[in-house]
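A.B. asks: 3D model of this:
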Amino acid sequence: MSQQGLREVEHETTVSAPAAAVYRLIAEVENWPRIFPPTIYVERDGHGKNEERIHIWATANGTAKNWTSRRTLDAEALRITFRQEVPAPPVAAMGGTWIIEPVSETRCRVRLLHDYRAIDDDADSLAWIDEAVDRNSRSELAALKANVEFAHAAEAVTFSFEDTVQINGAAKDVYDFINEADRWEERLPHVASVRLDELSPGLQILEMDTRAKDGSTHTTMSYRVCRPVHRIAYKQVTLPALMTLHTGYWTFVENEDGVAASSQHTVVLNTDNIARILGADATVDDARAYVRTALSTNSRATLGHAKDYAEQKR
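C.D. replies: So this is what the prediction gives:
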């Protein structure tokens, strides 16, 4: 018998952290790509005192979707309600509530409620949404629990950095160079091969083989969110051995001398692989330096070629 109409589901977990700290973590959407595995990028479009509108890009069942949501934040009640503004098919309506309930001074229960409908109440679509909501909710809650409980331990292996190049050119031309990643094989010496799939305008899957200094190549896959002509955000989902997380963004800021083009990275090191990759005596600092050098070298090389491209166009 087919299941039709409104579906209401609930998932929960218990977190060994104060309820107020967990609420703040959920409220700060800028960090969601680091905390929640399905989330690629979140952009705050506008907000008031207790309400805000956010644009979310996330994976679901092996593909990527994007939608806008409105949220109402109640810090006193430790409750955040959300409602998708324009759901992505096959979803007709989607909303819910985060509820954080103190268990003790150092523990809390996090409840994640969803209500949703499928377009035309289609049973197959509803089953697809059931699976996506269940998978993403479990993933989000597990990641939230892990992130809060191990935040202190992760501080030593989580870091961010940024490289910036001043370009005497137009932001659009620099943006186009980074956006047109399907041409990187011919434009960038360190890219051995590239495969780019645009799922929808501005939402890309980028897979490429990159050459290291020693001549070896490694394959990475990233989801990219392109926001003309000032930002391209990404989340790498196929990672080198020394990283458990890699997110970042390219930004293009116009100024009186042209455009400041930047590449930002946020990395969590995979400490389990440090000895295998760098040797038995290698430290976390060694791994941090190694990863930063590798990423920065590629980013600065890409920015250098983007600079040449944009300045020639000018």
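A.B. asks: Can you find the helix or strand in this structure with the smallest mean pLDDT?
C.D. replies: Of all helical and strand segments in the chain, the minimum by mean pLDDT, DSSP states H and E falls on helix 151-154, at a mean of 62.
A.B. asks: which is the next helix or strand following that one?
C.D. replies: In the C-terminal direction, the helix or strand that comes right after helix 151-154 (DSSP states H and E) is strand 158-167.
A.B. asks: Can you spell out which helices and strands pack onto that following strand?
C.D. replies: Where contact means 3 or more CB pairs under 8 Å, 6 or more residues apart in numbering; DSSP states H and E, strand 158-167 is packed against strand 258-269, helix 284-313. (Each C-beta comes from the backbone N, C-alpha and C, glycine too.)
A.B. asks: deepest of the ones you listed, which one?
C.D. replies: strand 258-269 (a mean of 20; mean count of other CB atoms under 10 Å).
A.B. asks: What is that strand packed up against?
C.D. replies: For strand 258-269, the contact count by 3+ CB pairs under 8 Å, 6+ apart identifies strand 158-167, helix 171-179, strand 243-255, helix 284-313 as packing neighbours.
A.B. asks: hmm, back to that, could you dump the helices and strands packed on strand 158-167 into a markdown table and include mean pLDDT and distance to residue 205?
C.D. replies: A markdown table is the format used below for the helices and strands packed on strand 158-167 (pLDDT from 0 to 100; distance: least, CB to CB, whole Å):
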| stretch | mean pLDDT | distance to residue 205 |
| --- | --- | --- |
| strand 258-269 | 96 | 19 |
| helix 284-313 | 96 | 18 |
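A.B. asks: Quick one: closest of these to residue 183.
C.D. replies: Closest of the helices and strands packed on strand 158-167 to residue 183 is helix 284-313, at 10.1 Å (criterion: CB to CB).
A.B. asks: name the helices or strands packed onto the closest one?
C.D. replies: With contacts defined as 3+ CB pairs under 8 Å, 6+ apart, the secondary structure elements packing on helix 284-313 are strand 158-167, helix 171-179, helix 184-187, strand 258-269, helix 274-278.
A.B. asks: returning to what we had before: make CSV from the helices and strands packed on strand 158-167 and add distance to residue 146 to it.
C.D. replies: Formatted as CSV, the entries for the helices and strands packed on strand 158-167 read as follows, by distance: least, CB to CB, whole Å:
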stretch, distance to residue 146
strand 258-269, 11
helix 284-313, 19
